[in-house]
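> predicted coordinates and the sequence they were generated for:
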Amino acid sequence: MVAKTVTFASTAILALANASPMEKRLENGLGRTPALGWNSWNVAQCNAATEAFALDTANRFISMGLKDLGYTYVNIDDCWSTMQRNSSGYLVADPKKWPRGIKPVVDEIHAKGLKFGLYGSAGTKTCAGYPASQGYEGKDAQLLAEWGVDYWKHDNCYTPCRQGLPQTCPENQVAGSTRTWYGTMRDAVLATKKPIFFSLCNWGRDRVWEWGKDYGNSWRMSIDIWNDWASVIRIGSAAAGIAQYSAPGGFNDLDMMQISNGALNPAQERTHMGIWAIAKSPIILGMDLSKISASSLAIIKNKGLIAINQDKLGKAATYFQPPGKPAPVSGQLYPYWAGPLSDGVVVGLTNAMGTGRQTLAVDFKDVPGLGAGTWSWTEMYSGRTGSGTGVSFDLERYDMAVFKVSRDVPCGRLEKREAASTWRVGSVPEKGCGWPWWLCSFYTDRRNYLSVTWSDDHIISGVLRKKIPGSKLFPWLPLKLPLLIVMDQQLPLPQSKSVPQIEQPRSESLLVTKPLAHEIATLDAILGDRTHAQPEFCLVGLGLSGPPLTWRMGIFGSWFAGNVMVWHWCLGLLGLQRDGIEKQRKAMPNMLGVHKTMKDIVPAASVAFETSTLLSATLLGLLPGALGQAAHWGQCGGQGWSGPTTCASGSCCVASNQWYSQCIPGGSCGGGGTSPPTNPPTNPPTNPPTNPPTNPPTNPPSTGDRSAGCGKAPITSGTKSINVNGRNRQYILRVPNNYDSNKPYRLIFGFHWLGGNMDDVATGRTVQAGTWDYYGLRRLADENAIFVAPNGLNAGWGNAGGEDVAFVDALLRSLEDDLCVNPRLRFATGFSFGGAMSYALACSRSSVFRAVSVIAGGPMSGCEGGTAPVPYLGIHGLRDNVLPIATGRQLRDRFVANNGCTPQNPPEPAQGSLRHVKTVYGGCRDGFPLTWIAYDGGHVAAPADGTAGDNGSTTFAPAETWAFFQQFS
């Protein structure tokens, strides 16, 4: 299509305008578009890391048509190896899960035309406790290459300091960066010479989006996604602020898909897929394909969305703020999205934060990359098409519409055949395509040839970096100029009286504009016989034309088929003589040189650039970035932005969100050519999603104020086990030293964090042994409570299918049958994943637990039910970059609503104050208080005033939790 080639020219201008030295980056030739595939973890965690799951998924990729759509990678996550390396230090595939070993499976998957991926971690152990790569990077990379593995996901668990390298220490120990150990693994993989897609999974730490492109082909930009709607909102809203970091070769990874996993309704799944697609995230499926619903399958197979995600331009969409609309709010999914495509613009409208069905509308002149006038659009989910100066769409709650918008109607459409060799072109404006200027036209030499640009995405990019010769004003100017090559077709059009049907795969229409006026050569048999149609290459870039031609300045793209030249014109360039251009091309082969990879791809191509004394004047007009201004459509502001903050003449700096402002042509600048970024309000109240009624436990534990174990001989403290649904589960029990079998005791559960275990909780050894056992509560209880430290599966609380809640149910029944417990005084607390488990119990066992304390938690363990009140204490750090405080606020606000408390924006400490602020909510239902504590610190279990890290002796968390639990008797 017309806009496709010309968009490349505009990309070259933007690169010129922001010229900078070449950056170091991972160059393995992979990740030119986001990865498409599947990962085993969401299906059944460790139980899915098997040969059977891998091969079944590969077969379903083919039978379900996913392979044909581009889904390629079959990735196995954690738990695929044995628990120990072999005597030579190499990883060993678990023979029970991989009876033939890994390589035969990889070979079989390759034979199907698919690719295979595996998982590891940068630390000493994987997140599930299996051997990881720290100190073994070379051996692991060598093994991956020998097996033929195509994709490596590198997690961030168990990453202690390396001896003598303090920069490798995890955050909250020594200031450092995770990039060191990721660089070690990257170099080891590159040394094998086997192209392996390198997926960084450091959970968004250390602003990985700023350096990830140097290390991997994708990088996780947040903590894990969980199977709930809040995760989609949290991750999608965060991705909008870092959209500019995605580009061919490296993309922000929004994490695996939660479609068809039971928690999202169809509207939410459409938004999930839509945001991931337009944000150019890898789309890694996470469901059991044997159980996927028809509606979910249709969503992941949406050809239009996949084409947008895989668009070779590789530019992610982000928020834009239409005039008169409220500014984006941190932590909420804004309704208005837009981003450039190689052949148009993608526009997204989402009702994610609405309270009911609503109609969303947008005027195309307000959309970055579009402008005034008539545009054509296609909506991806409904298939609806239309044209106009804008679009409106009726959306149910949580739903999304995604539009591909292109400028075709004003540029003319072949609409009527007037004679055997002529077609009429309708709706051609006198000034061509109008604004934006980079939408250009077709031109033909009128010898029965027409340039037809297909949207098959045959795009290859190379980089030309040279000083421009002949520039008198700027001889020093280094240019980083992308040369974007598009595969084109030169199709001879034989004379014929028949009119075949014109079919254009993945292309909406054949468009022509001036200077074709009202006639072009016959279009007979454009596709009737393609044997003669040989692909030709088009080089697009900055150029000037000169004698024997009339001088004109502008941007053009030209290519040649034999002796026939067809070229695109823009912004005042006139139709030049073919012979003159052909002579010029022969006289100036490779004037500026071509990047080696481009020579390998197009050895016969040449760059027909011309330089002259007028080049400096051209640079003055086209390179505002070199003079301290951002070009049209370039970035001009945002949090952390250090580049130009003023725009070229004719553009205004408009804030899309707090992280990104963009130069938008036209419109009112409001003075100074810039608009300051909009700062969203702090801690906005969140409306909790509606949830189904709470499912009560099967065979519920005892009720009343005395359990069945009162009066019985007690069981002793120590490590215990219990069989739950055929699985042996462990826990540590701590009975008071002076236990009285006739006294009903409080029962307090302490859940460990991801990578921790029951011993860590029971001893307090990770913070301060003897002081911090059971999160510091045992010391405060003074032998007046029974404590339980359960052990999670795979070092966490994934709660797949409610299995961890069932574990707690079984523990309650067993313990209260053997011990004297007050069933009205059951409590739960935990840090991080342990906080998530406590939250899950508040949601699904609100009638079982009297109160919960959630320290730096999230919704990773789910929230079945979640509509009943529970006394809730939330403690969270402002600088938590593992589970951001916005996540804690979302959990809190669910129970603000459930408990009937008065919503508010509670005060929080300033960063750098190293103190905490406590808020007791008012208006709550009797017996259902809610307290929120925000502290100036990171992701720590024992926060203390005066420090950003853990401190078992001075932490305020145990006293606050104990006081909160003590309210109830």
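Good, I have the coordinates. Predicted model only: the values in this text are computed from it and were never measured.

> what about stretch 33-46, start to end distance?
29 Å (Cα to Cα, to the nearest Å).

> can you mark which positions in that stretch are buried?
33-43, 45-46 (16 or more other Cβ atoms under 10 Å). Placement of C-beta: from N, CA and C, glycine included.

> need those in TSV with secondary structure and pLDDT, can you?
Below are the buried residues of stretch 33-46 laid out as TSV (DSSP: H, G, I helix; E, B strand; the rest coil; pLDDT from 0 to 100):
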residue	secondary structure	pLDDT
Thr33	coil	97
Pro34	coil	98
Ala35	coil	98
Leu36	strand	99
Gly37	strand	99
Trp38	strand	99
Asn39	strand	98
Ser40	coil	96
Trp41	helix	93
Asn42	helix	89
Val43	helix	88
Gln45	helix	87
Cys46	helix	91
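
> now the strands: where do they sit in the stretch 801-950 of the chain?
Here the stretch 801-950 of the chain has its strands, by DSSP state E, counting those that start in this stretch, at 821-831, 851-855, 872-877, 916-920, 930-935.

> among these, which is nearest Ala298?
Proximity to Ala298 (Cβ to Cβ) singles out strand 851-855 among the strands of the stretch 801-950 of the chain, at 37.3 Å.

> leaving out the residues flanking it, which one is nearest to Ser814?
Excluding the flanking residues, the one nearest Ser814 by Cβ to Cβ, 6 or more residues apart in numbering is Ile722, at 5.9 Å.

> so what's the one you found bridging to?
Ile722 has these beta-bridge partners by DSSP bridges: Arg729.

> ok, it - how many residues close by?
16 (other Cβ atoms under 10 Å).

> check contacts around it.
Asn728, Arg729, Tyr731, Phe807, Ala810, Leu811, Ser814 (Cβ atoms under 8 Å, 6 or more residues apart in numbering).

> repeat that for 10 Å
Asn728, Arg729, Gln730, Tyr731, Pro790, Phe807, Ala810, Leu811, Arg813, Ser814, Leu815 (Cβ atoms under 10 Å, 6 or more residues apart in numbering).

> ditto for Leu873
Taking Cβ under 10 Å, 6+ apart, one finds 829, 838, 851-855, 892, 895, 918, 929-933, 957, 960-961, 963-965 in contact with Leu873.

> hmm, which of those residues are the buried ones?
829, 838, 851-855, 892, 895, 929-933, 957, 960-961, 964-965.

> low-scoring stretches of the stretch 151-300 of the chain, by residue?
Within the stretch 151-300 of the chain, the ranges that satisfy pLDDT under 70 run 160-177.

> repeat that with 80
Scanning the stretch 151-300 of the chain with the threshold set as pLDDT under 80 gives 159-178.

> all strands for it, in order.
Using DSSP E, counting those that start in this stretch, strands in the stretch 151-300 of the chain cover 151-155, 197-200, 218-220, 251-253, 283-285.

> got these as CSV, with distance to Cys710 columns?
Converted to CSV, these look like this (distance: least, Cβ to Cβ, whole Å):
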stretch, distance to Cys710
strand 151-155, 47
strand 197-200, 54
strand 218-220, 50
strand 251-253, 53
strand 283-285, 51
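
> let's test this: name the helix or strand in this protein with the lowest mean pLDDT.
When each helix and strand of the chain is scored by mean pLDDT, DSSP states H and E, strand 459-467 comes last, with a mean of 24.

> okay, helices next: where are they in the stretch 851-969 of the chain?
885-898, 957-966 (DSSP state H, counting those that start in this stretch).

> make CSV from those helices and add distance to Glu51 and mean pLDDT to it.
Shown next, in CSV, are those (distance: least, Cβ to Cβ, whole Å; pLDDT from 0 to 100):
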stretch, distance to Glu51, mean pLDDT
helix 885-898, 36, 92
helix 957-966, 45, 96
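
> could you export these as JSON lines, including distance to Gly348?
Listed next are these as JSON lines, based on distance: least, Cβ to Cβ, whole Å:
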{"stretch": "helix 885-898", "distance to Gly348": "21"}
{"stretch": "helix 957-966", "distance to Gly348": "41"}
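
> out of the ones you listed, which gets nearest to Gly386?
helix 885-898 (36.8 Å).

> now do the helices in the stretch 51-200 of the chain.
Using DSSP H, counting those that start in this stretch, helices in the stretch 51-200 of the chain cover 51-63, 102-111, 137-147, 179-191.

> ok, which of the ones you listed comes nearest Ala868?
Closest among the helices of the stretch 51-200 of the chain, using Cβ to Cβ: helix 51-63, at 36.8 Å.

> could you give the average pLDDT over that closest one?
For helix 51-63, mean pLDDT is 98.

> what's the answer for stretch 328-345, then?
For stretch 328-345, mean pLDDT is 92.

> partner residues bridging Lys115?
Taking DSSP bridges as the rule, Lys115 bridges to Tyr73.
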